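# from the sequence below, what's the structure:
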Amino acid sequence: MAAASASASASRKAQIRLVSSHPEVYEPCDDSFALVDALVADRSNLLHHRPTLCMEIGCGSGYVITSLALILGQDGSGSGGSHYIATDINPHAVTVTSETLEAHGVHAELVNTNIASGLEPRLAGMVDVMVVNPPYVPTPEEEVSRGGIAASWAGGENGRRVIDKILPVVDNLLSNRGWLYMVFLAANDPSGICLQMKDKGYAARVLVKRSTEEESLHIIKFWHEFEESDELK
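As a prediction, this is how the structure comes out:
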């Protein structure tokens, strides 16, 4: 029974052997795996949530958005009524994500843009599930604007330069029942971010905490405090 359960769980994630790659695109790593593990752990709530629109900011290799589509059953095994959008500032990432999605038989609308530039008028208040693995690594400020693969990790001072740009955009895009799943490093001050989001009306819960040799990761779920849900009470 345990083996069957593990197999079923694995089938709800993108398969690494089918994830495309490019020298200038961030490959799935501990942070990607932790984010997808959080989504798998919250799958029953996601299915009950029945999101209409799901979005990823910074799709990289496509591992996360592909896994989300599989978790929600876009492959025909479950509730596949969601539409998916993924963005990345790196054009190579958009190509790689397209290849990863196709290899798994799922689909998403892909946009080469910075965060959600150009999409906010269309998507404001529409996104029911948002996933973000941002550039969170503390780096010199000049690295943030280097472009290429460095854009996937360079976060500037305290790793907050890009995170602090993303959060207001997410707040604008999320629907009244919108959920945000986001990766943070301990150095980003996750507690402070939760307080900042609380001031905007969001509750928060740490779904996954994972320490590696180099970093301490937090996967945090945010939702509007006024949202009524049995899972959130």
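
# for the longest helix belonging to the chain, name the packing helices and strands.
For the chain, the helix with the greatest residue count under DSSP state H is helix 91-104. Contact here means 3 or more CB pairs under 8 Å, 6 or more residues apart in numbering; DSSP states H and E; on that basis helix 91-104 packs against helix 63-71, strand 83-88, strand 109-112. Bear in mind the C-beta positions are built from the backbone N, C-alpha and C, glycine included.

# looks like Ala186 contacts Glu215 (just checking).
Yes - if you go by CB atoms under 8 Å, Ala186 and Glu215 touch, sitting 7.4 Å apart.

# tell me the phi and psi of the spatially most central residue of the chain?
Relative to the mean C-alpha position of the chain, the nearest C-alpha, by CA atoms, centre = their mean, is the one of Val131, at 2.3 Å. Note on Val131: its backbone torsions stand at phi -120, psi 140 [degrees, to the nearest 10].

# what about it, distance to Asn176?
Plainly put, Val131 is 19 Å away from Asn176 if you go by CB to CB, to the nearest Å.

# cool, and Asn158?
According to CB to CB, Asn158 stands 31 Å off from Asn176.

# and for Glu141?
Taken as CB to CB, the spacing of Glu141 relative to Asn176 amounts to 36 Å.

# more neighbours, Asn158 and Asn176?
With other CB atoms under 10 Å as the criterion, Asn158 and Asn176 differ in neighbour count, and Asn158 comes out ahead with 15 against 9.

# from memory Gly148 sits against Asp88, does it?
No - under the criterion of CB under 8 Å, Gly148 is not in contact with Asp88, lying 12.0 Å apart.

# give me the below-cutoff pLDDT ranges for the chain.
Low-confidence regions of the chain, defined by pLDDT under 70, span residues 1-11, 74-80, 227-233.

# related to what we said a few turns ago, Gly148 and Asp88: which is more packed in?
Comparing Gly148 with Asp88 by other CB under 10 Å, the one with more neighbours is Asp88, at 28 against 13.

# report the beta-bridge partners for that one.
As for beta bridges, Asp88 partners with Asn112 under DSSP bridges.

# now do the contacts for Ser32.
Neighbour list for Ser32: 60-61, 63-64, 133 [criterion: CB atoms under 8 Å, 6 or more residues apart in numbering].

# farthest-apart pair in the residues you listed, please.
The largest distance within those, taken as CB to CB, falls between Ser61 and Asn133 and amounts to 10.5 Å.
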